[in-house]
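Colleague: What would the 3D arrangement of this be:
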Amino acid sequence: MTTDAQTSRAVAEQFLERLGRRDQDGIQELFAADIDWHVPGNDELPWTGRRTHREEVAPCFTTMWPHFVPGKSKVVLERIIVDGGDVMLLGVFTHTVASTGKEFTTPSAMHLVVEDGEIVRMHLYEDTLSVDQAFTTD
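Modeller: Numbers count the residues shown, from 1 in each chain. Just a heads-up that it's a prediction; the model follows:
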């Protein structure tokens, strides 16, 4: 199945807009029933790992968001690159961890694959060591 770049960009922009509003249910609606989702990281962080079904998307966000201090997160989107159904979102995440008070900043790349107007793949690439260190108390 192929998807044109215009549709892929529109779906990615909806994803970003809903992410910015913390609309976990709206984000989940953008995904196909069966997905290839991967967020690398420490297995002790419950939002990391693989997911294979749409119903697992919203809980990922509702599990993750409370771990960050409200109002202390910043996402800078630097570029969107679209090639057919492939979308690369390049940016920088900065968050402050609620349990430790530590701030971390990591460059990130998110690879989305859109088929028939739905996201079928989301892989996140970031500095997992910085994330892990921010959650560790010294």
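Colleague: And for the helix or strand encompassing Tyr125, what's in contact with it?
Modeller: Here Tyr125 sits within strand 118-126, counting by DSSP states H and E. With Cβ atoms under 8 Å, 6 or more residues apart in numbering as the test, strand 118-126 has contacts from 11, 15, 30-32, 34-40, 93, 106-114. C-beta here means a position set from N, CA and C on the backbone, and glycine is covered the same way.
Colleague: Of those residues, which count as buried by neighbour count?
Modeller: Those of the contacts of strand 118-126 that meet the buried threshold are 11, 15, 30-32, 35, 37-39, 93, 106, 108, 110, 112-114, by 16 or more other Cβ atoms under 10 Å.
Colleague: State the distance from the residue nearest the centre of the chain to Thr63.
Modeller: Nearest to the mean C-alpha position of the chain, by Cα atoms, centre = their mean, lies Leu124 at 6.3 Å. With distances defined as Cβ to Cβ, to the nearest Å, the gap from Leu124 to Thr63 amounts to 15 Å.
Colleague: Check Ile81 too.
Modeller: Ile81 sits 29 Å away from Thr63 when distances are taken as Cβ to Cβ.
Colleague: repeat for Ala5
Modeller: As defined by Cβ to Cβ, Ala5 lies at a distance of 32 Å from Thr63.
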